[in-house]
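**Student:** Give the three-dimensional model of this entry:
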Amino acid sequence: QVQLVESGGGLVQAGGSLRLSCAASGRTFSTYNMGWFRQAPGKERELVAAITRSGGSTYYADSVKGRFTISRGNAKNTVYLQMNSLKPEDTAVYYCAAGGYSSNPGGYDYWGQGTQVTVSS
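**Tutor:** Sure, this is the predicted structure:
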């Protein structure tokens with residue numbers, strides 16, 4: 001069992017930055033691939049970025065490539081999402097998820113409660 005708690009969301013102006021954190025409970029964090037998803041009102045949940053167990057491989061959606069960076073600290077049981085050059089279309093609830101390395105939300109076993117990111121124009 002893994003519990004995930006996101007933090008770091010908020011309101012930011014376009015062009016600004018935020019860093020999201022996802023703290024995981026349990027001693028098995030390093031055995032999970034991790035992903036960050038987002039869901040805007042009326043839209044499907046979409047994968048933003050993913051990272052493998054060791055951190056050796058990452059994936060980014062085209063819409064965030066070059067602006068967002070996913071990383072993890074296995075010693076701290078934490079995964080991060082650094083978001084730069086934010087745009088209004090990045091506004092969404094952001095979720096971290098454990099277990100998969102896939103764009104399909106069904107491929108993940110555990111989810112956090114989400115953190116709201118709002119980017120004003």
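**Student:** got the buried residues for stretch 104-114?
**Tutor:** Of the residues in stretch 104-114, P105, Y108, Y110, W111, G112, G114 count as buried by neighbour count, 16 or more other Cβ atoms under 10 Å. Using the backbone N, CA and C atoms, a C-beta is placed for each residue, glycine as well.
**Student:** For the helix or strand F37 falls within, name the packing helices and strands.
**Tutor:** Assigned by DSSP states H and E, F37 belongs to strand 34-39. Secondary-structure packing of strand 34-39 (3 or more Cβ pairs under 8 Å, 6 or more residues apart in numbering; DSSP states H and E): strand 18-24, strand 46-51, strand 68-73, strand 78-83, strand 92-98.
**Student:** For those strands, give me a markdown table that also has distance to Y32 and mean neighbour count.
**Tutor:** Output for the helices and strands packed on strand 34-39, formatted as a markdown table (distance: least, Cβ to Cβ, whole Å; neighbours: other Cβ atoms under 10 Å):
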| stretch | distance to Y32 | mean neighbour count |
| --- | --- | --- |
| strand 18-24 | 8 | 20 |
| strand 46-51 | 10 | 22 |
| strand 68-73 | 10 | 18 |
| strand 78-83 | 9 | 23 |
| strand 92-98 | 4 | 24 |
